[in-house]
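**Q** build me a model:
(one chain, ligands or ions: 2)
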Amino acid sequence: MSAVARIQLASKVAAPMASKALGVSSSRFFTGTARAQNKVTVVGAAGGIGQPMSLLLKLSGKVEHLSLFDIVNTPGVAADISHCNSKGKVTGHKGAEEMATALDGADVVVIPAGVPRKPGMTRDDLFNTNASIVKGIAEQCSKSCPKACFLIISNPVNSTVPIFADVLKANGVYNPQKLMGVTTLDVCRAQTFIAENQGMDVDKLDVTVIGGHAGTTIMPLLSQVEGAKFSDEDIKALTHRIQFGGDEVVQAKDGAGSATLSMAHAGAYFAGKVLDGLNGVEGVTECAFVESDLTEAPFFASPCTLGKDGVSKVHGFGNLSSFEQALVDDNVPALVKMAQKGSDFVKNN
Ligand SMILES: NC(=O)c1ccc[n+]([C@@H]2O[C@H](COP(=O)([O-])OP(=O)(O)OC[C@H]3O[C@@H](n4cnc5c(N)ncnc54)[C@H](O)[C@@H]3O)[C@@H](O)[C@H]2O)c1
Ligand SMILES: O=C(O)C[C@H](O)C(=O)O
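**A** Ligands and ions are numbered 1, 2, ... in the order given. Below you'll find the predicted structure:
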């Protein structure tokens, strides 16, 4: 079946709530809390994302044991965060020899390990460094916590998620329900920029963002935003800004890295929703980059229901405008290529 035919079919079978991934806003972050009965390991916990995301996870009260792993500095980060007067214990683990302990028994592993972009770089330019980092982490996870949910933040997500999948597969422990590329920051940006443009309440906005996490593979579905009225110019400008929001931050930081604070918020929010699902909260739906048969791309972001075993349903994405359909048609081949690049890396290394 052609990519277009598969997409049309997916649109027809889209679940009623498929275009309604829950909104992401700070005021919603601490609501709907599930019981704190989990171990969450952050890999890359001493980094620009890792530190504030770990802090937010600690403050959420959703984590019983927050295990912080990095190749540097985690004892200090863990000691610092552990003094926050919220539920849950914090442990710090540093270096390869402590990685197994950090991961042992984890229910959720959140991974912001790897190098960030500098101005002028694409996310794919990070591949050479981050592919081996992610592959190594996946190898250890296969041994220490094969049943955990794995939430991949490290770029390029369009390739690192397939890398993680192939390592788990090679070790006989791959469960597609439990591997998710984190695309929540794209949803955060879409909600923020659309609220500004439309003068709408950001807390009430639901925006679905499908595809991948790099440039034009990020595809916000503006035609499905309830109550919004966009001109054709608005649609083009907003879509472009959401797709290249990461570049906006990279340029503003001027060589000091990429988005860390907004990503910490997005990562902690998404991990909290995964925990809610694991703990039996019903109706949790968020966009994520997961194994998918909606298009020819083996991994594709769309709204997913998060349940007791991770992703319980990958939803279609509803009816698309001709502008959005053209975006999908143009970008699915790129997603196929980036996934293949990840798979080839695992095959050859
Ligand atoms: N998915 C997204 O939306 C999104 C958003 C922002 C950034 N990112 C990506 O997240 C990654 C991290 O960004 P950052 O700004 O936090 O970078 P950073 O350099 O500040 O932090 C990365 C951390 O990873 C650690 N690390 C490196 N190799 C490791 C290993 N093998 N095991 C454990 N830890 C290891 C480093 O020591 C460092 O502390 C980058 O690849 C960046 O492109 C993704
Ligand atoms: O832009 C980057 O390189 C980091 C991240 O993917 C983002 O979207 O902010």
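
**Q** and residue 312, how many neighbours does it have?
**A** Number of residues near residue 312 (other C-beta atoms under 10 Å) recorded here: 15. C-betas here are computed from N, CA, C, even on glycine.

**Q** can you name the residue of the stretch 51-200 of the chain nearest ligand 2?
**A** residue 117 (3.9 Å; C-beta to the nearest ligand atom).

**Q** what sits against that residue?
**A** 123, 125, 126, 155, 246, 250, 257, 258 (C-beta atoms under 8 Å, 6 or more residues apart in numbering).

**Q** again, but for residue 222
**A** Contacts of residue 222 by C-beta under 8 Å, 6+ apart are 194, 207, 228, 230, 235, 238, 239, 321, 324.

**Q** let's go with 6 Å and repeat that
**A** 230, 235 (C-beta atoms under 6 Å, 6 or more residues apart in numbering).

**Q** now do residue 262
**A** Applying C-beta under 6 Å, 6+ apart to residue 262 gives no contacts.

**Q** stretch 175-190 vs ligand 2: in contact?
**A** Yes. Against ligand 2, stretch 175-190 shows contacts by C-beta under 6 Å from any ligand atom at residue 185.

**Q** what's in contact with that stretch?
**A** In contact with stretch 175-190 (C-beta under 6 Å, 6+ apart) are residues 24, 149-153, 157, 161, 165, 207, 209, 213, 218, 220, 242, 245, 263, 266-267, 270, 287-291, 301, 309-311.

**Q** mean confidence for it?
**A** Stretch 175-190 carries an average pLDDT of 98.

**Q** near ligand 1, anything from stretch 148-158?
**A** Yes. Interface with ligand 1: stretch 148-158 contributes 153, 154, 155, 157 (C-beta under 6 Å from any ligand atom).

**Q** which ones are touching the second one?
**A** Which is residue 154. 111, 113, 114, 130, 134, 160 are the contacts of residue 154 under C-beta under 6 Å, 6+ apart.

**Q** pLDDT wise, what is it at?
**A** 98.

**Q** on the three-state scheme, it is what?
**A** coil (DSSP: H, G, I helix; E, B strand; the rest coil).

**Q** thinking again about what came up before, pull the most distant pair out of the contacts of residue 117.
**A** 125 and 257 (14.1 Å; C-beta to C-beta).

**Q** am I right that the residue of the stretch 51-200 of the chain closest to ligand 2 is in a strand?
**A** No. Counting by three-state DSSP, one finds residue 117 to be coil, located in no strand.

**Q** how close does it sit to ligand 1?
**A** 6 Å (C-beta to the nearest ligand atom, to the nearest Å).

**Q** and the contacts of stretch 175-190, which of them are buried?
**A** Buried members of these, counted by 16 or more other C-beta atoms under 10 Å: 24, 149-153, 157, 161, 165, 207, 209, 213, 218, 220, 242, 245, 263, 266-267, 270, 287-291, 301, 310-311.

**Q** which helix or strand contains residue 46?
**A** Applying DSSP states H and E as the criterion places residue 46 outside every helix and strand.

**Q** quick one: contacts for it?
**A** Residue 46 neighbours (C-beta under 6 Å, 6+ apart): 70, 72, 73, 74, 77.

**Q** on the pLDDT front, check it for me.
**A** 98.

**Q** also residue 4?
**A** 36.

**Q** from this structure, which residue is nearest to ligand 2?
**A** residue 246 (2.3 Å).

**Q** gap between the residue positioned nearest the centre of the chain and residue 213?
**A** For the chain, the residue nearest the mean C-alpha position is residue 182 (0.3 Å; C-alpha atoms, centre = their mean). Distance of residue 182 to residue 213, given as C-beta to C-beta, to the nearest Å: 8 Å.

**Q** could you do residue 273 as well?
**A** Taking C-beta to C-beta, one finds residue 273 at 17 Å from residue 213.
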